[in-house]
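**Student:** I would like the atomic coordinates for the input below:
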Amino acid sequence: MPFSCIPFFACNRQIDTIDRRQCNLQAVPHDIDHNSRTLEEAYLDCNHIKDLDKPLFRCRKLKTLSLSENEIIRVPDEIANLINLEELNLKGNDVSDLPAEIKACSQLKVLDLSSNPITRLPTIITSLSSMTHLGLNDISLTQMPQDINLLRNLRSLEVRENLLRSIPQTIGQLSLLKLLDLGHNELDDLPSEIGQLSELEELYVDQNDLQTLPESIVQCRSLQQLDVSENKLMVLPDEIGDLEQLTDLTVSQNCLQVLPTSTGRLRKLLILKIDRNAITQLTSAVGSCISLSELYLTENLLTEIPSSLGNLKNLQTLNLDKNQLKEIPSTIGGCSNLTVLSIRDNLLDQLPLEVGRLEKLRVLDVCNNRLNFLPFTVNVLYNLRALWLSENQSQAMMKLQTAQDPRTGIKVLTCYLLPQSSAQQIERSIPTRSFLGGPKVHFGSDLEEAKDDEEAQAPVGQFCRQDTPHPKPHAHAPKFKKQSIDGHIIHHDEERSNPPTLALASGGRKRSSEDSLRATSPVTNNTTTSGVPRSALKHPPILPPSPPNVGLATKDVEYKTSGNVAETLRIIVRRDANGGLGLSIAGGLESTPYKDDDSGLFISKLAEGGPAESAGLRVGDKLLKVNDTDVVNVRHQVAVSTMQDSGDVIELTVLRSSNPTIPVLYPPSSSGGYVHSPNQSADMSFMSEGESSSSSKETISTTIRRDVNGSPGFSVAGGKGTSNNDVIVISAVTPGGPAERDGKLRAGDRVLSINGTNMRGARHDQAVALLTGHNGSEVYLVVQRDQALCSSPTNIPVNRSPPVPPARVSQGHRVCGFGDPSWDGRTEEVELVKDDHSLGLSIVGGSDHSSHPFGVNAPGVFISKITPNSPAARSQRLRIGDRILSVNSIDVQNARHQTAVEALKKSDRVVRLRVIHEPQPAGLREVILRRNANEALGLNICGGISSPPANPLDKTDEGIFVERVEQGGPSSAHLCPGIRILEVNDESLLGCSQEEAARILRKSGSSVRLLISDGFSTSPSVSKIHFYPPNKPTFAMVECSL
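**Tutor:** From the prediction side, this is the model:
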């Protein structure tokens, strides 16, 4: 019931507070003016007020004025009339400046200007010496006032979400400051004077670029909450234990490898978050933090946890997900108050019996481990409400049965989800689908078909956000149709985001991108095998493929089986000494069909002489049963798990056509070659390592001493969640750096361990933290290198480049050393004698020009082409991609492009070049395309200078790339999307526009020789970090022939 004041005689109608928040006000209400003599507090937040009327400033007794979340543009000069004002809240308006007259508000204690477009912070603010709280969040502030120390009564300073790069040293004079929020800025360091803030209780510096904390921070003895998450911290101060009042410590998402032992002195610490770091060993001192109630160690590199953890009697939440733990100490039973224990995604094969002492445990998560059973003592966890054994578990609690451990004879607990198999890890690391980069397009079929694929991405029973603000239930069963794009269809970008492409089809007619998208051919995944050795610069035509009966992978090609009679066979296969079966399977539900529209599982590859081939299996056999388990109409991972857990002797029931299924390579190519498969069916290998590789792998260990900048002199790429195999690889070796001087490492080497820490399943940032950490000046590495071409299928289906035959020796141009890895990294001097004023080579790059695909991360001058029968070719000492260091003793390493050109042109007839043989572009090879008269090449190209970049991984790359290949065309046997074209019939495409490249291709004749290399992948890109300044040029590419 509303209250109203009846004006009897002598009734005092004084109103000192007006609250009109969220009243849809367009202006200051009239109540303000009516009560101007008595009003002390006015709350007008969350309205649509644009102007502050003069009656508001007649309220001389006003102490609190709250105007947050309005549309105020200007604060009038009359603000000076509010001499008793103590609190002014202008958060979330459109105020761009404050009048100088605000200095008259000498009693102002609280000022909040957050989320306003303030272009500069008025200097007059520091004259408000009574200020106790100052809020400056999210105002694009680039620097704080140097005289911030004048606010000597300040208790709280918030400058979150700004553009601060430094903090004034005078901040240390704010002796009464209790809260300092510097989060989400661009700070590289903190001033040492911060240690003078003796009263500071809360410090937030999260989401900055800090690499170290000042040692003086331990002098803030009153500090209770410290948040330094999402920085680049390598170490914490050694004496952080001096912060004895600390209750919350958050150091998530940094590069820490260890915690200081002084951490054990934090006896009042309640919450410790160290997730997403690179912790390899947890100090046992953490067991002395006796008040600890929450400990988060998710996503580190821990292989064990200290037994002292059992001393944490008050611990309630312990999260150890995504580490490399193989066991949990039995002392865990001492954590008597533990309610949540999460250890998913580790390597545990058993839990200690003492887990039964955790009487208050309510949640136990052990998904994705290697448990064979649960300890019998789990039965006495009467408060347990959730027991998670699998990600696909439908109920929080499972019915457990009693069993007996065959090894020890003791009672254990089991259920249908135990033992845990590695199939769960495979399911996470091997997606059954691939996705293609770039905007979503539909090939030929109607839009409804693409919609079905898109809807299939959402898990059944869940909601996903669409273009409407309302969620839509997507509870449809997945639908898979022939020629539909299998995999994650990414959001449809605007038309302008598509790089323009040129189609070379239909008699060479130029077609627009829109026309080319109407083609009905499937899309080819362009990923190539990383293990293929570098090819020769000038290769002879590719030899014809071997007959189909020699064990070649024939998946994803068109089959003709009409008229065949099928028969059912039972074949017994015995594993070899390494546990391999010598076969690969493809297909299954929720995977692209391996053969026509059949969603069954098929034998996709057999190792020559392996157990499966010896037993009588053939490529194309349809898998019906594994032992007595029916695998018809099951998902790919279910079949994988069944085969892995089926013992040493397996009986496979298969369906085979009476006539062996013969792959028809389309179209027949006179030059031969392998067909890149357009399909993307999941393919799982059951071959032992010896079968899947044509030769052994080499393991190399070395110790590298960092340079003065802390760099080991090489780059790494990949890591968990970034690359197909989730491995860390060396992507480049810095010329002249420590790694190159050591001479043992090469680009492409897989990193097995760093300083003794296993890199299996490690994230990219964890590898970087170990390589750049401050623990010593040396880095101990163990890497693995393929000695020869690997022929085994990878975990994620890829389209392999055809094998390259040995380079032939031709008179006048004898290929020597091209593609030979032994040349990589060698520096030598080459003497050339000009022939008709020409050296027969072309160069690209320079300090002012890009040089793709050479020296992407280390600019320089590179040989981009060698003309046959020229002085450069006859020397037999140069190859494409060589970096030119000097010309006749003139250093050109950092020279501009024109300077290098002039040095070569103005030299005498005899030219001495000092070069370093850098690794050639990945997948460099030569292919021959043959076509009939007036027949189109059947490909689309994109990229080139003056065109939007086609390479999604590098916006400065102006190369020419294959955008699409028509099925059945002359190019389909050798090219796939993402391939880089370097030359067409000895004409270089480096530095060409898209139109120039198309013109060269159209007039290339019936036999087209292409020099190509790997370009970009249409699968997710790998992240990469460089330990030397990238200094990448952004100018157009220019190639000069000399």
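
**Student:** for V984, give me its contacts.
**Tutor:** When the contact criterion is CB atoms under 8 Å, 6 or more residues apart in numbering, the partners of V984 are 997, 1000-1001, 1004, 1008-1010. C-beta coordinates here come from the backbone N, C-alpha and C atoms, glycine included.

**Student:** so of the residues you listed, which ones are in strands?
**Tutor:** Judged by DSSP state E, the contacts of V984 include 1008-1010 as members of strands.

**Student:** pick out whichever of these sits closest to G287.
**Tutor:** L1010 (64.4 Å; CB to CB).

**Student:** distance check, that closest one against P919.
**Tutor:** 21 Å (CB to CB, to the nearest Å).

**Student:** pick out whichever of the two has more residues nearby.
**Tutor:** Neighbour totals were compared for L1010 and P919, and L1010 leads with 23 against 18 (other CB atoms under 10 Å).

**Student:** quickly list what that one is bridged to.
**Tutor:** V927, V984 (DSSP bridges).

**Student:** next, the contact list for it, please.
**Tutor:** So L1010 contacts 926-929, 974-975, 981, 983-984 (CB under 8 Å, 6+ apart).

**Student:** so what pLDDT did it get?
**Tutor:** Note on L1010: pLDDT of 87.

**Student:** now swap in D621 and tell me
**Tutor:** 88.

**Student:** measure it to D648 for me?
**Tutor:** According to CB to CB, D621 and D648 sit 21 Å apart.

**Student:** A717 too?
**Tutor:** 38 Å.

**Student:** hey, where'd the helices end up in the stretch 601-750 of the chain?
**Tutor:** Secondary structure of the stretch 601-750 of the chain by DSSP state H, counting those that start in this stretch: the helices cover 611-615, 636-644, 689-692, 738-742.

**Student:** tabulate the ones you listed (a markdown table), appending mean pLDDT and distance to L418.
**Tutor:** As requested, the helices of the stretch 601-750 of the chain are exported to a markdown table (pLDDT from 0 to 100; distance: least, CB to CB, whole Å):
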| stretch | mean pLDDT | distance to L418 |
| --- | --- | --- |
| helix 611-615 | 87 | 29 |
| helix 636-644 | 81 | 13 |
| helix 689-692 | 44 | 28 |
| helix 738-742 | 87 | 46 |
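
**Student:** out of those helices, the one nearest S66 is which?
**Tutor:** Using CB to CB, the nearest of the helices of the stretch 601-750 of the chain to S66 is helix 636-644, at 57.6 Å.

**Student:** what's that closest one packed up against?
**Tutor:** If contacts are counted by 3 or more CB pairs under 8 Å, 6 or more residues apart in numbering; DSSP states H and E, helix 636-644 sits against helix 423-429, strand 583-587, strand 622-626, strand 683-685.

**Student:** which residue ranges make up each domain of this structure?
**Tutor:** Following the assignment in automatic domain parsing, the chain carries domains at 15-187, 445-477, 697-786, 823-1042.

**Student:** can you show me the strands along the stretch 901-1042 of the chain?
**Tutor:** For the stretch 901-1042 of the chain, applying DSSP state E, counting those that start in this stretch gives strands covering 910-916, 925-930, 939-943, 960-965, 980-984, 987-988, 1007-1013, 1024-1025, 1039-1041.

**Student:** could you list the low-pLDDT ranges of the stretch 401-550 of the chain?
**Tutor:** 421-550 (pLDDT under 70).

**Student:** which stretches of the stretch 751-900 of the chain have low pLDDT?
**Tutor:** Counting by pLDDT under 70, the ranges of the stretch 751-900 of the chain that qualify are 774-776, 787-822.

**Student:** show me where it has strands.
**Tutor:** Counting by DSSP E, counting those that start in this stretch, the strands of the stretch 751-900 of the chain are 757-758, 778-786, 809-810, 813-814, 827-833, 841-845, 861-866, 883-887, 890-891.

**Student:** need these in TSV (columns: distance to N709 and mean neighbour count).
**Tutor:** Below are the strands of the stretch 751-900 of the chain laid out as TSV (distance: least, CB to CB, whole Å; neighbours: other CB atoms under 10 Å):
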stretch	distance to N709	mean neighbour count
strand 757-758	22	18
strand 778-786	14	18
strand 809-810	46	10
strand 813-814	43	14
strand 827-833	23	14
strand 841-845	24	25
strand 861-866	25	26
strand 883-887	22	21
strand 890-891	22	14
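
**Student:** out of those, the one nearest G287 is which?
**Tutor:** strand 757-758 (22.5 Å).

**Student:** contacts for that closest one?
**Tutor:** Residues contacting strand 757-758 (CB under 8 Å, 6+ apart): 278, 280, 301, 303, 324, 752, 770.

**Student:** so which of those residues belong to helices?
**Tutor:** Applying DSSP state H to these, the entries found in helices are L770.

**Student:** looking at the contacts of strand 757-758, spot the one nearest Q393.
**Tutor:** Nearest to Q393 out of the contacts of strand 757-758 is Q324 (CB to CB; 23.3 Å).

**Student:** so the closest one touches R760, yeah?
**Tutor:** Yes: when contacts are counted by CB atoms under 8 Å, Q324 is listed as touching R760 (7.1 Å).

**Student:** how about the strands in the stretch 101-250 of the chain?
**Tutor:** 110-112, 133-135, 156-158, 179-181, 202-204, 225-227, 248-250.

**Student:** what's in contact with the last one?
**Tutor:** With contacts defined as CB under 8 Å, 6+ apart, strand 248-250 is touched by 206, 224-229, 266, 269-273.

**Student:** buried ones from those residues, can you make that a ChimeraX selection?
**Tutor:** Buried subset of the contacts of strand 248-250, written as a ChimeraX selection, criterion 16 or more other CB atoms under 10 Å:
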select :206,224,225,226,227,228,229,266,269,270,271,272,273
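
**Student:** reformat the contacts of strand 248-250 as CSV; add pLDDT and distance to T132.
**Tutor:** Below are those laid out as CSV (pLDDT from 0 to 100; distance: CB to CB, whole Å):
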residue, pLDDT, distance to T132
D206, 97, 24
Q224, 97, 19
Q225, 98, 19
L226, 98, 22
D227, 98, 22
V228, 98, 26
S229, 97, 27
L266, 97, 29
L269, 98, 29
L270, 98, 27
I271, 98, 28
L272, 98, 31
K273, 98, 30
